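The sequence and its predicted three-dimensional model are supplied below.
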Amino acid sequence: MSQVLFRTGGDWDSTTLSRDGQECLAAQLLVQIQAGRDGYGDVVRGGIGAGGDIDAYIRPQSNTLIEEGIFPGTIEMHFLQHSVVVINNHPTFDFQFTQVVFDGRDVTDQVIDLMVNIDSINNEVQAAITLYRPHWLTADEVATFNLL
Amino acid sequence: MQIHISSFRRMLLLATFCVIVIFGSTSGAFARGGFGGGHGSFGGGGHSFGSFGGSHSSFGGGSSFGHSGSFGSRSGSFGGGSGFHSFSGHSSTGSFGHGSSHYGGSFGRSGSFGGTRSYTHSSSMYTYGGRSYPAHYYGGWSDYSYGWAHPAWYFYTPFYPAFYYYPPVMGPGGYYQPGGFNWGHTFITLILFVVLMVILARLFSGGRRVRYTQY
């Protein structure tokens, strides 16, 4: 089980990545979750329980062609105003055992998309999470939160 | 001979009345009050006045064949001591026979004949303002006609107009006054109606509505 901690202050200088308590010199961090969709690709309620897929790896600066997996394990990502924790401790990395916590709240049953791409090679940064929030009287909401 | 004819007429008249009485008693026509009323009796039961067919009738009495009638000189009797044992009974004024046990005016029964209408009626007293008033409860399933003390179940449904009014309140003197319009029930009904419409619209809208937001 690996413990990955990502922290950023909004620029490259304040962005750090550590793995199992030691700083990890990485070229890219990618955490991508797609869930909460039906067979036609339309969003539905259910989150992780509705099925999906996940990509999570680290490209080290020493060899950018290698993708070091994060799971099974835990990754904590702290942004300026938000924080996301993704946990999957299943030995075979079963998707159904993924747990997502957003700002301290378990959104496993609501998450539709999670996209965190910190790519220093191409100087690209993406961080957003999309949740499906059902409402009783009004229409259901698909809310996207920009993490950066 | 004239005496014989007169006696024969008297006997014939008496026999006619006896037939009428017996027929009436057996057929039940008297018992329903058609012949003397519901409270009457044929001389029995202590009714001492009335006439043949009156509301409080008895058979005999002061007006027809009794005390001051036109038959015979003896007051209040009809045949005197002749034996009609089937008409035995206790004697009373205004009955069929006076002072004699032979024309007691009843058929060996005491009391009146003919049943009275039976109905369920329980009464109790309630006190209001230091005074006691009779409270009537007539039973029944809905008690709709007898007041709001026991309203039917559909009074509590929003489909019934009475749901939107308070029940009557008892004012001074024990009289009921209108309770007024119930705005609380009205608003609750409106809210439930809106919620029901939303649910139905979501169920039968034919598609799921999703709005996309970004924060």
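Sure thing, it's come through.

The residue of chain B found nearest chain A: what's its closest spatial neighbour, skipping adjacent residues?
Proximity of chain B to chain A (C-beta to the nearest C-beta) peaks at B:Arg209, 3.7 Å away. From N, CA and C alone the C-beta is placed, and that goes for glycine too. Nearest residue to B:Arg209, sequence neighbours excluded (C-beta to C-beta, 6 or more residues apart in numbering or on different chains): A:Ala139, at 3.7 Å.

Quick check: B:Ala201 is in a helix.
Yes. Counting by DSSP: H, G, I helix; E, B strand; the rest coil, B:Ala201 is part of a helix.

I'd say A:Thr121 and A:Ala27 touch.
Actually, residue A:121 is Ile rather than Thr. Yes. Between A:Ile121 and A:Ala27 there is a contact at 5.2 Å, judged by C-beta atoms under 8 Å.

who has more neighbours, these two?
Neighbours per residue (other C-beta atoms under 10 Å in any protein chain shown) separate A:Ile121 from A:Ala27, with A:Ala27 holding more: 18 against 10.

Just say helix, strand or coil for that one.
A:Ala27 ends up strand, using three-state DSSP.

And it, how close does it get to chain B?
29 Å (C-beta to the nearest C-beta, to the nearest Å).

Give the residues shared as contacts by A:Ile121 and A:Ala27.
Jointly contacting A:Ile121 and A:Ala27 under the rule C-beta atoms under 8 Å, 6 or more residues apart in numbering or on different chains are A:59, A:64.

Assign B:Phe155 to one of the three secondary structure states.
Relying on three-state DSSP, one would call B:Phe155 helix.

Could you tell me how many residues sit around it?
There are 16 residues near B:Phe155, going by other C-beta under 10 Å.

swap in A:His78?
By other C-beta under 10 Å, neighbour count at A:His78 equals 16.

residues contacting the closest residue to it other than its chain neighbours?
Closest residue to A:His78 apart from its sequence neighbours, by C-beta to C-beta, 6+ apart: A:Arg7 at 4.6 Å. Residues near A:Arg7 by C-beta under 8 Å, 6+ apart: A:14-17, A:77-78.

Let me have those residues in a markdown table, extended by secondary structure, distance to B:Pro168 and pLDDT.
Formatted as a markdown table, the contacts of A:Arg7 follow (DSSP: H, G, I helix; E, B strand; the rest coil; distance: C-beta to C-beta, whole Å; pLDDT from 0 to 100):
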| residue | secondary structure | distance to B:Pro168 | pLDDT |
| --- | --- | --- | --- |
| A:Ser14 | coil | 76 | 91 |
| A:Thr15 | coil | 77 | 92 |
| A:Thr16 | strand | 78 | 93 |
| A:Leu17 | strand | 78 | 94 |
| A:Met77 | strand | 68 | 95 |
| A:His78 | strand | 68 | 95 |
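
Most neighbours among those, which one is it?
Sorting the contacts of A:Arg7 by how many neighbours each has (other C-beta under 10 Å) puts A:Met77 first, at 23 neighbours.

any weak-confidence spans in chain B?
B:1-124, B:135-150, B:205-208 (pLDDT under 70).

Tell me the residues of it that contact chain A?
B:195, B:198, B:208-215 (C-beta under 8 Å from any C-beta of the partner chain).

what's the most distant pair in these?
Farthest-apart pair in the residues of chain B next to chain A is B:Val195 and B:Gln214; separation 29.6 Å (C-beta to C-beta).

Excluding sequence neighbours, find me the nearest residue to A:Asp53.
In space, A:Asp53 is closest to A:Gln34, 5.7 Å off (C-beta to C-beta, 6+ apart).

So that neighbour is in contact with A:Gly52, correct?
Yes. Using C-beta under 8 Å, A:Gln34 is in contact with A:Gly52, at 4.9 Å.

okay, these two: which has more neighbours?
Applying other C-beta under 10 Å to A:Gln34 and A:Gly52 shows that A:Gly52 carries more neighbours, namely 20 against 17.

Give the helix, strand or coil label for B:Phe163.
Under three-state DSSP, B:Phe163 comes out as helix.

pretty sure it contacts B:Pro151?
No. Judged on C-beta under 8 Å, B:Phe163 makes no contact with B:Pro151 at a distance of 10.0 Å.
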